[in-house]
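[1] Quick one, fold the following:
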Amino acid sequence: MATGLWRAPLITLGIAAIGAAITFALAFPAPFLTGPAIAVTLAGLAGVKTQALPSRLRDAVFVVLGLTIGQGVTPEALDAMQAWPLTLAALAGSLFAIILLTPPVLVRFWSMDAVTAFLSSSPGHLSYVLGLSEGVKADLRTVSIVQSIRVLALTLLAPVAVTVSDQVPTTVLAIPAETAPLPLLAMIVAAGIAGYLLQRLRLPAAFLIGGMLVSIVAHVTGLVSGITPYWLASAAFVALGGLIGSRFSGVTWQQLRRAFSAGIFVTVLGVALAGVFAVIAHWLTGMDLIAVLIAFAPGGLETMAAMSVILGIDPTFVASHHIARLLMLTAIVPFFALRGRRK
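    Residues are numbered from 1 along each chain as shown. All right, here's what the predicted structure looks like:
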């Protein structure tokens with residue numbers, strides 16, 4: 001029984017590792033994230049049964065990602081937060097623009113019901129959205145495909161776009177020595193406890209946030225110095241890429257074709273609207289435009305925060321804005337979904 005439980009996740013991880021090795025050899029942007037996502041997606045569409053890690057191991061991966069994201073926080077970075085209220089306000093504006101403008105188009109041109117259209121257009125919080133889609137009797141398969149296309153497209157295109165445009169911020173985080181084993185183990189345990197408590201409070205991405213908070217406190221107070229070991233962070237990125245790609249397991253080509261154009265539309269319009277508000281925030285605050293674009297991009301929290309680490313962009317700024325986006329959506333999505341169901 002245990003062997004059967006682990007078979008599909010191990011196959012997924014093996015495919016993800018192969019994808020990471022290929023993209024690394026080809027010098028592809030963010031290879032340990034994009035390579036696994038591509039490889040596992042193609043395998044799933046080819047009929048291979050792929051599956052994400054069991055929940056506890058997945059939580060451990062998110063703890064490592066959270067520790068990696070929070071390690072760049074310094075007292076100097078905290079001083080820069082005075083400009084963040086403006087960027088957070090612009091982020092909220094982008095969310096409402098996406099939520100109000102996208103669903104009517106999906107209803108008109110893709111013949112979706114109002115609730116399915118709204119949940120398909122929600123700019124993030126995938127697991128929460130899919131849970132709601134069952135609760136309000138929306139088309140779960142359509143919502144899942146459209147949302148997964150959005151996450152996958154942003155995972156693959158964000159590093160390519162930044163690299164091709166040659167707009168990587170000039171101020172890149174310094175890379176200190178790796179954290180010593182004992183402090184690292186202490187942080188992992190503390191982050192696991194924090195994640196469990198946040199999960200009990202039903203906070204989204206609880207173990208990721210727990211890891212990030214523990215890492216921030218440890219580094220800002222000087223209790224810990226250094227970064228997560230490269231091999232450990234890379235392994236977490238590979239697992240995350242496999243998780244993204246595994247969402248396409250069991251999807252037929254017919255189902256994919258039916259929802260693919262809707263997914264592309266949702267992604268393009270969401271990115272365009274987020275880009276408009278990111279430019280506004282850039283003009284108001286003078287913050288680096290690429291950093292703001294990554295912070296506003298309607299991708300998954302784990303994915304875009306990990307992307308910021310890989311691309312050398314301030315991960316605290318990016319992760320904080322994506323966490324704020326999830327918290328905003330936690331309040332907004334049920335209101336609009338239930339309102340659409342009553343209509």
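[2] Quick check: buried residues in the helix or strand encompassing Val271?
    Assigned by DSSP states H and E, Val271 falls within helix 253-285. Within helix 253-285, the residues scored as buried using 16 or more other C-beta atoms under 10 Å are 259, 262-263, 265-267, 269-271, 273-275, 277-278, 280-282, 285. (Glycine included, C-beta is placed from N, CA and C.)
[3] same question, stretch 312-332
    Applying 16+ other C-beta under 10 Å to stretch 312-332 flags 312-326, 328-329, 332 as buried.
[4] same deal with stretch 208-223?
    Buried, per 16+ other C-beta under 10 Å, within stretch 208-223: 208-219.
[5] For Val214, which non-adjacent residue is spatially closest?
    Ala191 (4.3 Å; C-beta to C-beta, 6 or more residues apart in numbering).
[6] Return stretch 7-20 as PDB; C-alpha atoms alone will do.
    Taking Å, rounded to 0.1, in the frame of the first residue of the first chain, the C-alpha atoms of stretch 7-20 are listed here in PDB:
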ATOM      1  CA  ARG A   7       5.000   5.300  -6.900                       C
ATOM      2  CA  ALA A   8       3.400   8.200  -8.800                       C
ATOM      3  CA  PRO A   9       5.100  11.000  -6.700                       C
ATOM      4  CA  LEU A  10       8.500   9.300  -7.200                       C
ATOM      5  CA  ILE A  11       7.800   9.100 -11.000                       C
ATOM      6  CA  THR A  12       6.900  12.800 -10.900                       C
ATOM      7  CA  LEU A  13      10.100  13.700  -9.100                       C
ATOM      8  CA  GLY A  14      12.200  11.600 -11.400                       C
ATOM      9  CA  ILE A  15      10.700  13.300 -14.500                       C
ATOM     10  CA  ALA A  16      11.100  16.700 -12.700                       C
ATOM     11  CA  ALA A  17      14.800  16.000 -12.000                       C
ATOM     12  CA  ILE A  18      15.400  15.000 -15.700                       C
ATOM     13  CA  GLY A  19      13.700  18.200 -16.800                       C
ATOM     14  CA  ALA A  20      15.900  20.300 -14.400                       C
END
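[7] which residues are in contact with that stretch?
    For stretch 7-20, the surrounding residues in contact (C-beta atoms under 8 Å, 6 or more residues apart in numbering) are 31-32, 35-40, 43, 48-54, 57, 234, 237-239, 241-242, 245-246.
[8] Kindly report the same for stretch 42-59.
    5-6, 8-9, 11-13, 15, 40, 61, 192, 195, 207, 239, 242-243, 245-246, 248-251, 253, 256.
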